[in-house]
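[1] With the input below, show me the fold.
(one chain, ligands or ions: 2)
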Amino acid sequence: MPGGRHVAAVTDAHFDVAPGECLVLVGESGCGKSVLASALLGLLPSNAQTAGSARLGGLDLLTAGERTLARTVRGRMIGLIPQSPAAHLTPVRTIRSQLEETVAQLTGVRGRAALRTAAEEAAARAAYPGGHLDRYPHELSGGLAQRAATALALVGGAPLLLADEPTTGLDRDLVEHTVDELRRHLHTPTDDGPSGTDTGGRALLVITHDLVAAERIADRVAVMYAGRLVELADAEGFFGSPGPRHPYSRGLLRALPERDFAPVPGMPPELGDLPAGCAFAARCERATDACASPPDPTGTHRAVACHHPCLPEGVRARTP
Ligand SMILES: Nc1ncnc2c1ncn2[C@@H]1O[C@H](COP(=O)(O)OP(=O)(O)OP(=O)(O)O)[C@@H](O)[C@H]1O
Ligand code: NI
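    Numbers count the residues shown, from 1 in each chain. Ligands and ions are numbered 1, 2, ... in the order given. Coordinates of the predicted model:
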């Protein structure tokens, strides 16, 4: 940043997602979710620095060159359903023309009539109504823009679908519909194997701060706080019993209107000015002196980045 300032937007992120599985990344605004997604697609701003690796197939996405990213990754290995789809669509072209162009770029379909048919099929796959194909993005409701973006993301048959805040700004009914549709794509065909073979399905990485949507769609949940992954858990245990183990994750769930409706006190720290130890300590009722040193994400604290994780309900702490 100007003046030599650094923003640690994402730190120590460890996770994997398997074909046929949905991993949901949750965390509040500004915690680094979209930066993480951009890193996977090679879409970080030019002043960004990365370290580590992000493997998809045999490729390391963090070190792949722009040519590889453009020709084999974006659209073909990773389908992106962007945050705010209405703003992401080209405003001066109809949905039909954007779909046809994408089909021509990403598939072997050639010829006017064949492209038209393929674009219509692509729209149908995302439940985008055929009668609205000749509309411009500004003529679409939030739900339709969402489906148009999903249709575009599915065209290349990518084995990984990355959805950034797919339900923001939608009504509750539409949220449920949208996540159910997304989940359906876990098992629609991808292009990573000969057609007709079972490739184990598509992997889905969904970014959201909508915990109700997360509960509905996730197989596993990754919780992010102040640029770090603080917990990675099976969705069933996380949302049900025994519940989350990181005090921040507990706080997030407790804040839901459907639960205690009790907000986590305080504010997250600035990512340009993080404390040396646990970033949540200042807001944490369980914090002690140990929290002045950072949790070790590669060892003891791999699943729960906390010095004092909450114990599963019904399990009592052992006194040393
Ligand atoms: N180009 C940039 N230059 C400097 N800082 C940036 C840049 N892009 C993002 N950041 C910072 O990185 C942090 C993470 O941003 P990011 O967009 O990933 O958050 P997010 O978790 O996706 O939030 P939201 O839920 O609001 O989309 C923010 O604090 C933001 O200020
Ligand atoms: Ni974001």
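[2] all contacts plus neighbour counts: C-alpha atoms, from now on.
    Noted.
[3] buried set for the helix or strand of the chain at the bottom of the mean pLDDT ranking?
    Ranking every helix and strand in the chain by mean pLDDT, DSSP states H and E puts helix 85-88 at the bottom, with a mean of 86. Across helix 85-88, burial judged by 16 or more other Cα atoms under 10 Å covers 85, 86.
[4] residues near residue 2, how many?
    5 (other Cα atoms under 10 Å).
[5] Give me the phi and psi angles of it.
    Torsion angles at residue 2 (phi, psi; degrees, to the nearest 10) stand at phi -50, psi 140.
[6] I'd like the distance between it and residue 38.
    Look at residue 2 and residue 38: by Cα to Cα, to the nearest Å, they are 21 Å apart.
[7] Ligand 1 contacts on the stretch 151-300 of the chain?
    residue 271 (Cα under 6 Å from any ligand atom).
[8] Can you show me the helices along the stretch 151-300 of the chain?
    Shown for the stretch 151-300 of the chain, the helices assigned by DSSP state H, counting those that start in this stretch span residues 172-184, 211-217, 235-239, 247-254.
[9] coming back round to it: and the least confident helix or strand of the chain, what does it pack against?
    Packing contacts for helix 85-88, counted by 3 or more Cα pairs under 8 Å, 6 or more residues apart in numbering; DSSP states H and E, involve helix 142-154.
[10] Return the distance of the helix it packs on from the chain's centre.
    The offset between the C-alpha centroid of helix 142-154 and the centroid of the whole chain comes to 16 Å, using Cα atoms, centre = their mean, to the nearest Å.
[11] Stretch 147-160 now?
    15 Å.
[12] Need the mean per-residue confidence for that stretch.
    Averaging the model's pLDDT scores along stretch 147-160 yields 95.
[13] one step back: next SSE after the least confident helix or strand of the chain?
    Using DSSP states H and E, the helix or strand that directly follows helix 85-88 along the chain is helix 95-106.
[14] Just the residues contacting the helix or strand that that next one is followed by, thanks.
    Elements were assigned by DSSP H and E; along the chain past helix 95-106, the next helix or strand is helix 112-125. Applying Cα atoms under 8 Å, 6 or more residues apart in numbering, the contact partners of helix 112-125 are 96, 99-100, 103-104, 109, 129-130, 147-148, 151-152, 154-155.
[15] Now helix 112-125: buried residues?
    Going by neighbour count (16+ other Cα under 10 Å), the buried part of helix 112-125 is 115, 116, 118, 119, 120, 121, 122, 123, 125.
[16] Check what pLDDT the second one gets.
    Spelled out, it's residue 116. On the pLDDT scale, residue 116 is placed at 97.
[17] now the fifth one
    On the pLDDT scale, residue 120 is placed at 97.
[18] coming back round to it: wait, which of the contacts of helix 112-125 is closest to residue 55?
    Within the contacts of helix 112-125, proximity to residue 55 (Cα to Cα) peaks at residue 154, which comes in at 20.6 Å.
[19] which residues sit in contact with that closest one?
    Residues touching residue 154, when contacts are defined by Cα under 8 Å, 6+ apart, comprise 75, 79, 122, 161.
[20] could those residues be laid out in CSV, adding distance to residue 229?
    Converted to CSV, the contacts of residue 154 look like this (distance: Cα to Cα, whole Å):
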residue, distance to residue 229
75, 26
79, 23
122, 35
161, 20
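[21] Report the two members of those residues separated by the largest distance.
    Distance extremes for the contacts of residue 154: the farthest pair is 122 and 161 at 15.2 Å, using Cα to Cα.
[22] residue in the stretch 151-300 of the chain nearest to ligand 1?
    With Cα to the nearest ligand atom as the measure, the residue in the stretch 151-300 of the chain that lies nearest ligand 1 is residue 271; the distance is 5.5 Å.
[23] Count the neighbours of that residue for me.
    Using other Cα under 10 Å, the number of residues around residue 271 comes to 18.
[24] same check, this time on residue 130
    Residue crowding around residue 130 was assessed by other Cα under 10 Å; the count is 14.
[25] any idea how far residue 266 is from it?
    Between residue 130 and residue 266 the distance is 48 Å, computed by Cα to Cα.
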